[in-house]
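> Please work out how this folds:
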Amino acid sequence: MASRTLPLPWLDRAGRLSFPKLATFLAALAPGLYLAAAYRLDALGAKPITALLHGTGEWCIRFLLLSLAVTPLRRIANWPRLINLRRMLGLTALAYALIHLALYVVDQNFVLTKVVSEIALRVYLTIGFVALVGLIALGVTSTDAAIRRMGQGWNRLHRLVYAITALGLLHYFLQSKIDVSDPVFWTGLFLLLMGWRGLHRAGLPSRPLPLLGLAAGTALATALLEAAWYGLRNGIPPAMVLGANLDFSGMIRPAWWVLAAGLALPLVGLLRGEPDGARARPPARPARIAPAE
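Numbering: from 1, shown residues only. This is a model prediction of the structure:
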């Protein structure tokens, strides 16, 4: 009986080289290799383990959001094969999350009792650990065999990715302490992706006008989120934070970058052709199990 081997991540189901999958695989490795090289060259500052902790956590969030961006982009860009990259992106997020936890154990000098007590007593660590457990559950059930075995239950389980991402972002906010510009930006992108899902479920096609409204609304929500966070956490008047969004002499605030990302969506649709949902819908087909969006 021939032994079964694990499929190489850069091959498609027919065993052929897939350039999008190869590019995604290399992109998944690149941040880890960069952080490892920076550590080896002593280029991470006075607290290299802390820098590695932050770096791996941030890349976990980024790859998690990239996995959530697959469905909107494949529909808006009319590129169905993009769905083949989502599993790899999700597993990459899990890998960085596990490395993030391992580095925390290193940072605590491998004293596991202290690691457990810190996770139990510090709210932001508890939140992060719950998100990690959820990611592990999604990761171990991401195989084709699990999809067939679990049936529609697989979809219900994997919809937890939205709550897991929200918990990961909250963990990111709480550990950032003073400057939350990066968590605000990534949360804004999360709101953008969830807003698209809301439009899609409401039956609104991925045409320029709804997408333009989504971009503007998400940017405003991002600015309000930033102002509310600084107001509640640091006592900074919200009007001052909102006013900073209109001052372009310094750093461009996250809301503007979220607006730029939102405006890119209708542009992608125009460049790639008529987006999904703008065409007449084909006749209904028998229900089948499909990955959660």
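
> how close does R87 get to V70?
According to CB to CB, to the nearest Å, R87 and V70 sit 10 Å apart. In short, each C-beta sits where N, CA and C put it, glycine included.

> Helices along the stretch 1-150 of the chain, start to end?
Applying DSSP state H, counting those that start in this stretch to the stretch 1-150 of the chain gives helices spanning 19-40, 48-76, 86-107, 112-121, 123-140, 144-150.

> Buried residues, the fourth one. List them.
Counting neighbours by 16 or more other CB atoms under 10 Å, one finds that the buried residues in helix 112-121 are V115, I119.

> quick one: contacts of the helix or strand hosting G188?
Using DSSP states H and E, G188 maps to helix 181-201. Around helix 181-201, the neighbours that count as contacts under CB atoms under 8 Å, 6 or more residues apart in numbering are 58, 61-62, 65, 68-69, 71-72, 75, 162, 165-166, 169, 172-173, 176, 206, 210-211, 214-215, 217-219, 221-222, 225-226, 229, 251, 253-255, 257-258, 261-262, 265, 277, 293.

> And for stretch 169-176?
With CB under 8 Å, 6+ apart as the test, stretch 169-176 has contacts from 57-58, 61, 123-125, 127-128, 131, 180, 182-183, 186-187, 190, 229.

> With stretch 267-274 instead?
By CB under 8 Å, 6+ apart, stretch 267-274 touches L73, I76, A77, N78, W79, S206, R207, P208, L211, P275.

> Among those, which pair sits farthest apart?
Largest separation among the contacts of stretch 267-274 by CB to CB: W79 and P208, giving 17.6 Å.

> Look up how far A28 lies from L17.
The value you get for L17 to A28, if CB to CB is used, is 17 Å.

> Comparing these two, which residue is more hemmed in?
Using other CB atoms under 10 Å, the more surrounded residue of L17 and A28 is A28, with 20 against 10.

> State the pLDDT value of the more buried one.
Confidence at A28, expressed as pLDDT, is 97.

> Check the contact between it and T92; I expect there is one.
Yes: between A28 and T92 there is a contact at 4.0 Å, judged by CB atoms under 8 Å.

> Now G139: closest residue in space, sequence neighbours ignored.
Closest residue in space to G139, ignoring its immediate chain neighbours: L94 at 4.3 Å, by CB to CB, 6 or more residues apart in numbering.

> same check, this time on V130
Distances taken as CB to CB, 6+ apart put L167 closest to V130, at 6.0 Å, once the chain neighbours are dropped.

> how many neighbours does the one you found have?
L167: 20 surrounding residues under other CB under 10 Å.

> What strand or helix carries it?
Short version, using DSSP H and E: L167 is in helix 161-176.

> Does anything pack onto the following helix or strand past the helix holding G188? Which helices or strands?
With elements assigned by DSSP H and E, the helix or strand that comes after helix 181-201 is helix 208-234. Counting contacts by 3 or more CB pairs under 8 Å, 6 or more residues apart in numbering; DSSP states H and E, helix 208-234 packs against helix 181-201, helix 238-244, helix 254-272.

> For the residue nearest the centre of the chain, give me its contacts.
What sits nearest the mean C-alpha location of the chain, by CA atoms, centre = their mean, is L65, with 1.6 Å. Residues in contact with L65 (CB under 8 Å, 6+ apart) are T165, W186, L189, F190, L193.
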